[in-house]
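Colleague: sequence and predicted structure are below.
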Amino acid sequence: MSTHHDTVAAGQKPTSYYVPASSPWPFLGSLILFLLVIGAANFIQSHGVTDLSKGMQNAGTLNFLLPVGILGVFALMFFWFRDTARESMSNMNSVQMDHSYRQGMVWFIFSEVMFFAAFFGAMFYARWLVVPWIAGEGKGAMTHELLWPNFQAMWPLVKMPSGAITEAMSPWGLPFINTLLLLTSSVTLTISHHALLVGNRSRQIKFLAVTCILGMIFLGLQVEEYLHAYTEMGLTLKSGIYGSTFFMLTGFHGLHVTIGTIMLIVMLVRSIKNHFTPESHFAFEAAAWYWHFVDVVWLFLFLAVYWF
């Protein structure tokens, strides 16, 4: 809870800074994230994913840290956001605090843009520079002869150095359906937001519920696509640079859709409890910003990974 509350009129600049009361969540969050990272590293090591020395084989005794860290993150998010929601419902947030929330969300989404830019950059680097180089273009003739004499430049790169051949994922099946689902979800979420602004609570809840359902359908179809890729197409994480970039980009996007769906479900529950008003609903706006960002990323992903 806050120890200071500015009563700033609308349109005026705040004259002082918001100072929150002492809270255990930042310290506990740091501790939980530390345990999560140690547990994840231990899990990877003890299950043989990395080629570390055999002297580290007994690291599996710390396997309990990973589930503890995961459960701790969910508990931390629940209690921390619970306190934030209580502050909002108690009218303890000033204009300055609202500005701080908005700036924080903008910077968070910007960090996510850079996150995906790095992965898209890795894919384009492999596609436009590495593949032609290995094929002998430019000054790569000797590289071509030494590394992979029979290599032919193509994308998707479906032929492995071992001779194994996989398939490229077609855009005109589940990926196209998922594109329509996400585009539709952006429309339904915008309608829900507009209904909230005009005070039509029933319409807002209905269209927000539809958005949540569309997000869950997307995730279900994404799982089905992965199963099809692994069991019928031979497309796996080990399928060369194409397989690794395909699952890296679509997998991380799926993770973000999962997070976004959880955020929207929380907003749905809070809407049913009548936590939002046309004048005060930044939590809803933040979730909407995040969801629209995820949709835009999918459009780039559909064009760059599936289509072209």
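Modeller: Received it, and whenever you're ready, just let me know what you need. Numbering: from 1, shown residues only.

Colleague: all helices of the stretch 51-200 of the chain, in order?
Modeller: Ranges of helices in the stretch 51-200 of the chain, per DSSP state H, counting those that start in this stretch, are 65-89, 95-125, 131-134, 141-147, 174-197.

Colleague: and if you look at the stretch 201-308 of the chain?
Modeller: Assigned by DSSP H, counting those that start in this stretch, the helices in the stretch 201-308 of the chain fall at 201-228, 240-272, 282-301.

Colleague: next, the buried residues of the last one.
Modeller: Of the residues in helix 282-301, those scored as buried under the neighbour-count criterion (16 or more other C-beta atoms under 10 Å) are 282-295, 297-298, 301. Where C-beta positions appear, they are placed from N, C-alpha and C, glycine not excepted.

Colleague: please apply the same query to stretch 187-198.
Modeller: Residues of stretch 187-198 classed as buried: Thr188, Leu189, Ile191, Ser192, His193, Ala195, Leu196 (neighbour count, 16+ other C-beta under 10 Å).

Colleague: Gly199 against Pro278, yeah?
Modeller: Yes - contact status for Gly199 versus Pro278: in contact at 5.4 Å, counting by C-beta atoms under 8 Å.

Colleague: one step back: let me have the buried residues of stretch 187-198 in a markdown table, extended by distance to Phe64 and pLDDT.
Modeller: Putting these into a markdown table (distance: C-beta to C-beta, whole Å; pLDDT from 0 to 100) gives the following:
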| residue | distance to Phe64 | pLDDT |
| --- | --- | --- |
| Thr188 | 42 | 97 |
| Leu189 | 39 | 97 |
| Ile191 | 46 | 97 |
| Ser192 | 41 | 97 |
| His193 | 43 | 96 |
| Ala195 | 46 | 96 |
| Leu196 | 43 | 95 |
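
Colleague: quick check: the farthest pair among the residues you listed?
Modeller: Greatest spatial distance in these: Thr188 and Leu196, 12.9 Å, computed using C-beta to C-beta.

Colleague: just the residues contacting stretch 125-132, thanks.
Modeller: Stretch 125-132 has contacts (C-beta atoms under 8 Å, 6 or more residues apart in numbering) with Gly138, Gly140, Ala153, Met154, Trp155, Leu157, Ile241, Thr245.

Colleague: so how do I select the buried members of those in PyMOL?
Modeller: Of the contacts of stretch 125-132, the buried ones go into a single PyMOL selection, burial set by 16+ other C-beta under 10 Å:
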select buried, resi 157+241+245
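
Colleague: between the contacts of stretch 125-132, which is closest to Phe43?
Modeller: Closest to Phe43, out of all of the contacts of stretch 125-132 and judged by C-beta to C-beta, is Thr245, at 23.8 Å.

Colleague: in terms of pLDDT, where does the closest one sit?
Modeller: Listed pLDDT for Thr245 reads 90.

Colleague: just to check, it is in contact with Phe124?
Modeller: No - Thr245 is not in contact with Phe124 according to C-beta under 8 Å; the separation is 9.5 Å.

Colleague: hang on, the earlier thing: out of the helices of the stretch 51-200 of the chain, which gets the lowest mean score?
Modeller: Of all the helices of the stretch 51-200 of the chain, helix 141-147 has the smallest average pLDDT, which comes to a mean of 71.
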